[in-house]
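Participant: sharing a sequence plus its predicted fold:
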Amino acid sequence: MTGLLALLCLLTLVGGLVAGAAQVRADQRFFRSRDRPRELFTQRDPKGPVGDLPHEWTVDDARYRAQPRPLPPRFPARQASLRRVHEVKARLGALRTDLVWVIEHPSLFDGATPASSAMFEAIARWDDEFEHLSDREADLYAGQIEDAFTGARRAAERLGLGFYAEADRGEAEIALKLVSKARSTTGPEAAALMDKVAEILTRLLPFDPQAALPRGSAPGAPPA
């Protein structure tokens, strides 16, 4: 009789352990089925189980909604790309108004030079198509313009005065000396020297050098 009671007690204990393990497995399956952090569940709902939630766990919805964080965009916004292009244009403009740099590296501003032609075409394409570009396309276009500007500038620096025909190179060097002399003086003498520079550059360069010249220095321009 005592042996029978012991056997019944053992069976009851084993049954309880098996049932508890099954419940734990069910709970684990439930939590794994939700893409939610474990700590977002609040225990001990006084009203008892909610829906199909096991035990007395319920969802803290306010905390759950606050958890997701939007991933940063893969590509910068169009305005960021626009700023990059404006920076390139500003750097190009600064060189265009630097008279000594223009004389020493004229190929940067010559659209017939391959590297410069690619740069001007990239900028023109941007100006024509910017309003219709996606973020990704704007980012790609801005990168192309930056690369084209860097390539054109480096090509101009390598070529230097070699851009001019051999017979004209001496005049370009004279123009550089005149600019240096004009900057060391003032008044009518400086104006006369810059007029001579303007005359030389207008003859040598395939583009209008007026942007780099002081006002009134271009041939036929009114006095400053």
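Facilitator: Arrived safely, thanks for sending. Numbers count the residues shown, from 1 in each chain.

Participant: hey, where'd the helices end up in this protein?
Facilitator: Here the chain has its helices, by DSSP state H, at 2-32, 61-66, 78-96, 99-104, 114-129, 135-159, 166-183, 187-204.

Participant: deepest-packed of those, please.
Facilitator: Highest mean neighbour count among the helices of the chain (mean count of other Cβ atoms under 10 Å): helix 99-104, with a mean of 20. Using the backbone N, CA and C atoms, a C-beta is placed for each residue, glycine as well.

Participant: quick one: low-confidence parts of the chain?
Facilitator: Applying pLDDT under 70 to the chain flags residues 1-76, 215-224.

Participant: show me the domain layout of it.
Facilitator: Recorded structural domains for the chain (assignment: automatic domain parsing) are 76-163, 165-214.

Participant: ends of the shortest one, how far apart?
Facilitator: Same thing as domain 165-214. Across domain 165-214, the straight-line distance between its terminal residues is 26 Å, by Cα to Cα, to the nearest Å.

Participant: one step back: between the helices of the chain, which one is closest to A212.
Facilitator: Judged by Cβ to Cβ, the one of the helices of the chain that comes nearest to A212 is helix 99-104, at 4.3 Å.

Participant: not counting the closest one itself, show me its contacts.
Facilitator: 95-96, 109, 160-161, 172, 175-176, 179, 197, 201, 205, 209, 212-213 (Cβ atoms under 8 Å, 6 or more residues apart in numbering).

Participant: quick check: the two most widely separated of those?
Facilitator: Considering Cβ to Cβ, no two members of the contacts of helix 99-104 lie farther apart than G160 and L213, which are separated by 20.4 Å.

Participant: which one's more surrounded, those two?
Facilitator: Between G160 and L213, counting by other Cβ atoms under 10 Å, L213 is the more crowded of the two (22 against 14).

Participant: with adjacent residues omitted, what lies nearest to that one?
Facilitator: Distances taken as Cβ to Cβ, 6 or more residues apart in numbering place A198 nearest to L213, at 5.2 Å, with adjacent residues excluded.

Participant: verify the stated contact: the one you found with A211.
Facilitator: No. A198 is beyond contact range of A211, at 11.8 Å (criterion: Cβ atoms under 8 Å).

Participant: how long is stretch 99-112 end to end?
Facilitator: Its start and end residues considered, stretch 99-112 measures 20 Å (Cα to Cα).

Participant: now do stretch 104-115
Facilitator: One end of stretch 104-115 sits 17 Å from the other (Cα to Cα).

Participant: then stretch 105-112?
Facilitator: From its first residue to its last, stretch 105-112 covers 14 Å (Cα to Cα).

Participant: now do the buried residues in that stretch.
Facilitator: When burial is assessed from 16 or more other Cβ atoms under 10 Å, stretch 105-112 yields the following buried residues: 105-110.

Participant: contacting residues for V197?
Facilitator: Listed by Cβ under 8 Å, 6+ apart, the contact set of V197 reads 99, 175, 178-179, 182, 213, 217.
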